[in-house]
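S.K.: sequence unknown, structure follows:
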């Protein structure tokens, strides 16, 4: 009885969304939800090769990205359990780093932003400056520099971000000097193939009129 009381209440419902799995955005149907996670079913039927490919994905990491537009929720979840039912894969997912009320932000930004800290370099005034990424999307990234940097929005320069094997031209869209030192900066890719950014979903859900 005590174990039943400790288990989070799960509400049965049917809602739809996208999950980024095996380097692909895949449609899912949510079967139930609790304050700690959801039970999601992959909409497409799977064969033996598909099952093996998905299990191989979890050998690297059990953290995946999810977007549920009807619930205005997006972010990272952890795969706790995988089941096969009627040729469909069921995933028990636990919330790890999710944001709520995200639809307006996705509409303004045009693409989902994944929290992905990591070091990189960007060229200002003929000198490379170290930065730490805050988040990354298929369109650009937000970074933080430890020093106060003065550049004009619209400046095009070059950068390198080894965590995703990204390098090339990038444009400064905005910057904000942080109290106590440091600079936050929004960057947009220039002359880069979007398809080359593996590991980052777009999550562009069709808009209704």
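M.R.: Here it is on my side, so go on. Bear in mind that the values here come from a model prediction, so they are computed numbers and not experimental data. Numbers count the residues shown, from 1 in each chain.

S.K.: The nearest residue to residue 43 once chain neighbours are set aside: which element?
M.R.: Spatial nearest neighbour of residue 43, chain neighbours left out: residue 27 (4.4 Å); criterion: Cβ to Cβ, 6 or more residues apart in numbering. Heads up, the C-betas are built off the backbone N, CA and C, glycines and all. Per DSSP states H and E, residue 27 falls inside strand 24-33.

S.K.: Can you name the element that comes right after that strand?
M.R.: Per DSSP H and E, strand 24-33 leads on to strand 37-42 as the next helix or strand towards the C-terminus.

S.K.: between that next one and strand 24-33, how many degrees?
M.R.: Direction vectors for strand 37-42 and strand 24-33, defined by axes from the mean of the first three to the mean of the last three Cα atoms, to 10 degrees, enclose an angle of 130 degrees.

S.K.: Buried residues, the helix or strand that strand 37-42 is followed by. List them.
M.R.: Toward the C-terminus, strand 37-42 is succeeded by helix 48-60 as the next helix or strand (DSSP H and E). By neighbour count, with 16 or more other Cβ atoms under 10 Å as the criterion, the buried positions of helix 48-60 are 54, 57.

S.K.: Pull the residues that contact the strand holding residue 27.
M.R.: By Cβ atoms under 8 Å, 6 or more residues apart in numbering, the list of residues contacting strand 24-33 from outside reads 10-20, 38-44, 66, 68, 71, 90-91, 201-203.

S.K.: residues of it that come out buried?
M.R.: By neighbour count, with 16+ other Cβ under 10 Å as the criterion, the buried positions of strand 24-33 are 25, 26, 28, 29, 30, 31, 33.

S.K.: Tell me what the residue nearest to residue 43 is bridged to.
M.R.: With DSSP bridges as the criterion, residue 27 is bridged to residue 18.

S.K.: contacting residues around the residue positioned nearest the centre of the chain?
M.R.: Most central in the chain under Cα atoms, centre = their mean is residue 114, positioned 3.2 Å from the mean C-alpha point. For residue 114, the contacting residues are 65, 76, 135, 136, 137, 200, 201, by Cβ under 8 Å, 6+ apart.

S.K.: Tell me which two of these sit farthest apart.
M.R.: The most widely separated members of those are 76 and 137, with 14.3 Å between them, by Cβ to Cβ.
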